[in-house]
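Undergrad: Fold the following and give me the result.
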Amino acid sequence: MEQATAAPNIGVEEFFALPEGAAHVIDVRSRTDAAYGLIPGALVCPTDEIWETLPPNDGKIFIVYCKHGAIGEGAAAQMREKGYDARNLEGGYLAWLMETMRREDDDALRQRVDNSIQ
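TA: The predicted structure follows:
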């Protein structure tokens, strides 16, 4: 993909706050990398296939991510140049994974506390 101006980022907490179905989630990593894990509901659109695999631009926002965020930022910027409301997931898949693990830890702790006071 060619170089484009930066797209806005969306943080993982803001991403988690999005209503279900409010955005298309696009994984621009290779299919091999995505096979190790991806955000639930994400569509795998590697950068070299992105224009052939993207869903139609239907007015929803497009949350684009890669492993760390750098490649996703470039892909989101190019999508914006073509009229998509695309945003880069700040920190990429790894930031999402860390936040998911933190939330699960919080839920597990909350459950243990609830159980201990009943």
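Undergrad: excluding its backbone neighbours, what's nearest residue 33?
TA: Leaving aside its chain neighbours, residue 33 sits nearest to residue 67 (6.7 Å; criterion: Cβ to Cβ, 6 or more residues apart in numbering). All C-beta atoms are positioned from the backbone trio N, CA, C, and that covers glycine.
Undergrad: Contacts only, for that neighbour.
TA: Listed by Cβ atoms under 8 Å, 6 or more residues apart in numbering, the contact set of residue 67 reads 29, 33, 92, 93, 94.
Undergrad: next one: residue 85
TA: 59, 60, 61, 62.
Undergrad: The last one - that's part of a helix, no?
TA: No: residue assignment for residue 62, taken from DSSP: H, G, I helix; E, B strand; the rest coil, gives strand, which places it outside any helix.
Undergrad: Thought residue 26 was touching it, still the case?
TA: Yes: taking contacts as Cβ atoms under 8 Å, residue 62 lies within contact range of residue 26: 5.7 Å.
Undergrad: What ranges does this protein have for its strands?
TA: Under the criterion DSSP state E, strands of the chain are mapped to 9-10, 23-27, 43-44, 61-65, 86-89.
Undergrad: Direction included, what does the third one pair up with?
TA: Same thing as strand 43-44. Counting by DSSP bridges, the strands paired with strand 43-44 are strand 23-27 (parallel).
Undergrad: now what about the strand it pairs with, what contacts it?
TA: The contact list for strand 23-27 (Cβ under 8 Å, 6+ apart) reads 34, 38-39, 41-45, 50, 54-55, 60-66, 75, 86, 93.
Undergrad: Show me what the longest helix belonging to the chain packs onto, helices and strands only.
TA: For the chain, the helix that runs over the most residues, judged by DSSP state H, is helix 92-117. Counting contacts by 3 or more Cβ pairs under 8 Å, 6 or more residues apart in numbering; DSSP states H and E, helix 92-117 packs against helix 12-17, strand 61-65.
Undergrad: Next, the contact list for the residue nearest in space to the middle of the chain, please.
TA: In the chain, the centroid-proximal residue (Cα atoms, centre = their mean) is residue 65; its distance is 4.5 Å. Going by Cβ under 8 Å, 6+ apart, residue 65 touches 25, 26, 27, 28, 39, 42, 72, 88, 89, 92, 93, 96.
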